[in-house]
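Asks: coords please:
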Amino acid sequence: MEAVAEAIKFNPYEPGYFENPYPFYQRLRENDPVHKSFMGTWILTRNKDVSELLSDPVLSSDLRNWNGFEKRYKNKELVAWMLNRSVLNIDPPEHTSLRSYLKKSFMPKALNDLSEAIEGIVEDQIQKLKGKKEAELISEFALPVPLGTINYIFDIPEPDQKQVKAWSSNISGLIEPLPNIQALKTANQSIIDFTAYLKARIKERKGKPSNDFISNILNTPIDQLIAEDDYVIPNLIVMFAAAHETIVNLIGNGMYALLNHPDQMELLREQPELIGSAIEEMLRYDSPQQLVWRAVLEDTTLAGQDFKKGEQLMLLLGAANFDPEAFPDPYRFDIQRTPNKHLSFGKGRHTCMGSWMARMEGKLAIPALIKHFPNMKLEETEWLTNLSFRGLKTMKVSL
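Replies: Numbering: from 1, shown residues only. All right, here's what the predicted structure looks like:
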């Protein structure tokens, strides 16, 4: 019995976990699908459970409803301030108003030329790769494309872009389940600095509007329900971070899958019209975001398990995407898979707002690489050691 118990413990620090977590997820899903982890968090891995609980009103996205919130964020007031106002971490009715407000700001007529801008960014990066015999695909392509796109949307001046990226990276670490004290301190300071920067940009845009997202958001009528507190800056920060962190991993993980499945690479090259379903399979097969959090609002029974008010649930999107009950032969990478109702962008009221942009960038970036570098081969990789965002730190290829 002890050997069985040991086999089903959730331990992301086991050798091989970050390189390939899916066999670890399978072990949990088959033996203990509603698992109490060493962190005190409940971990759910079945597709049916994860899909249902993403939309269950007895669960909250507001971290303040988790009984560990005050201890985690004590003396980190700016971190708590940002998290408590993020569209990712609030519940209705504030969430409903804020999501509507951000969506109206994010998809105005002024951004109709976004596709053309992304094509230009992709082409610039392709040209920089041409003539090289080898490349590090993350830093030389997968990151510059979404970073260039979000800088374009926010109209970040080139001299500021490196610093803004650094702040954003520090803050995005807050989504990790176990951020250390130093990471929280660094994030807290980055929020202070990024907030000051955005306040200056907002002041500038009030006097001189442009076609950027900041101008659009300032010109969008805001519901009084969310106007009482400053919700704008925390969500500008979150949207900047989430936009490029997710998409760099979509492009990187997608290319990694194609390079490891040359038959699917060749199929996509021969039938480029399959790019839509290919992107969906890339999202399922190696989701850029592996998990989401929920807090229990009242004592209840879910997925056959009793939960207490204030407990925290970790819903493993990556595990749900590999459940054979939902996806036959889940370890097979098939760019023609249908249906493909993956959960990589979540479900329900907290479905990722930027999913349309991630798909757009993926559909433009990946075919360009395939077209211009038909002999690309994978040489060496290193994975990030993150639980939430899954992606490659480096991916060296020969061109």
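Asks: tell me the strands beside the strand or helix carrying residue 381, with direction?
Replies: If you go by DSSP states H and E, residue 381 is part of strand 377-383. Paired strands of strand 377-383, with direction, are strand 392-398 (antiparallel) (DSSP bridges).
Asks: burial count for the nearest residue to residue 279 once chain neighbours are set aside?
Replies: Once flanking residues are discounted, residue 279 sits nearest to residue 362: 4.7 Å by C-beta to C-beta, 6 or more residues apart in numbering. In this view, the C-beta of every residue, glycine as well, is placed from N, C-alpha and C. Residue 362 sits with 24 neighbouring residues when counted by other C-beta atoms under 10 Å.
Asks: same thing with residue 361?
Replies: Residues within reach of residue 361, counting by other C-beta under 10 Å, total 29.
Asks: again, but for residue 148
Replies: Neighbour tally, residue 148, other C-beta under 10 Å: 21.
Asks: could you list every helix and strand that the helix or strand containing it packs against?
Replies: In the assignment (DSSP H and E), residue 148 maps to helix 144-154. Judged by 3 or more C-beta pairs under 8 Å, 6 or more residues apart in numbering; DSSP states H and E, helix 144-154 is in contact with helix 114-129, helix 158-172, helix 213-218, helix 232-260, helix 355-372.
Asks: closest to residue 62 out of those helices?
Replies: Shortest distance between residue 62 and the helices and strands packed on helix 144-154, using C-beta to C-beta, is found for helix 232-260: 13.6 Å.
Asks: relative to helix 144-154, how tilted is the closest one?
Replies: 160 degrees (axes from the mean of the first three to the mean of the last three C-alpha atoms, to 10 degrees).
Asks: number the residues from 22 up from this point.
Replies: Renumbered: residue one is now 22, and that last one reads helix 253-281.
Asks: got the angle between helix 253-281 and helix 135-150?
Replies: Using the same axes, to 10 degrees: helix 253-281 against helix 135-150 is 50 degrees.
Asks: ok, back up a step: rank the helices and strands packed on helix 165-175 by mean pLDDT and give me the bottom one.
Replies: Lowest mean pLDDT within the helices and strands packed on helix 165-175: helix 234-239, a mean of 85.
Asks: gap between residue 204 and residue 97?
Replies: 10 Å (C-beta to C-beta, to the nearest Å).
Asks: quick one, which of those two is more surrounded?
Replies: residue 97 (19 against 14).
Asks: does that one touch residue 205 like I think?
Replies: Yes - using C-beta atoms under 8 Å, residue 97 is in contact with residue 205, at 5.2 Å.
Asks: the strands in the stretch 22-171 of the chain, which residues?
Replies: For the stretch 22-171 of the chain, the strands defined by DSSP state E, counting those that start in this stretch cover 55-57, 63-65, 80-81, 155-157.
Asks: okay, the ones you listed in JSON lines with mean pLDDT and mean neighbour count next?
Replies: Output for the strands of the stretch 22-171 of the chain, formatted as JSON lines (pLDDT from 0 to 100; neighbours: other C-beta atoms under 10 Å):
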{"stretch": "strand 55-57", "mean pLDDT": "96", "mean neighbour count": "17"}
{"stretch": "strand 63-65", "mean pLDDT": "97", "mean neighbour count": "23"}
{"stretch": "strand 80-81", "mean pLDDT": "97", "mean neighbour count": "21"}
{"stretch": "strand 155-157", "mean pLDDT": "98", "mean neighbour count": "17"}
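Asks: excluding chain neighbours, what is closest to residue 200?
Replies: Per C-beta to C-beta, 6+ apart, closest to residue 200 is residue 194, 5.9 Å.
Asks: sorry, wrong one. I was asking about residue 233.
Replies: residue 176 (3.5 Å).
Asks: neighbours of the one you found, how many?
Replies: 14.
Asks: the residue nearest to residue 300 and residue 76: what is the separation?
Replies: 25 Å.
Asks: and for residue 105?
Replies: For residue 105 relative to residue 76 (C-beta to C-beta), the value is 22 Å.
Asks: more neighbours: these two, which one.
Replies: Higher neighbour count among residue 105 and residue 76: residue 105, with 17 against 13, using other C-beta under 10 Å.
Asks: pretty sure the more buried one contacts residue 111?
Replies: Yes - applying C-beta under 8 Å, one finds residue 105 in contact with residue 111, separated by 7.3 Å.
Asks: now the common contact residues for these two.
Replies: residue 83 (C-beta atoms under 8 Å, 6 or more residues apart in numbering).
Asks: circling back to that earlier point, doesn't residue 271 make contact with the residue nearest to residue 300?
Replies: Yes - here residue 383 reaches residue 271: they are 5.1 Å apart, a contact under C-beta under 8 Å.
Asks: what sits against the residue nearest the centre of the chain?
Replies: Centroid-nearest residue in the chain, with C-alpha atoms, centre = their mean: residue 267, separated by 3.8 Å. Residue 267 makes contacts with 167, 309, 310, 373, 375, 379, 410, as judged by C-beta under 8 Å, 6+ apart.
Asks: one more time with 10 Å
Replies: Applying C-beta atoms under 10 Å, 6 or more residues apart in numbering, we find residue 267 in contact with 167, 193, 304, 308-310, 365-366, 373, 375-376, 378-379, 382, 410, 412.
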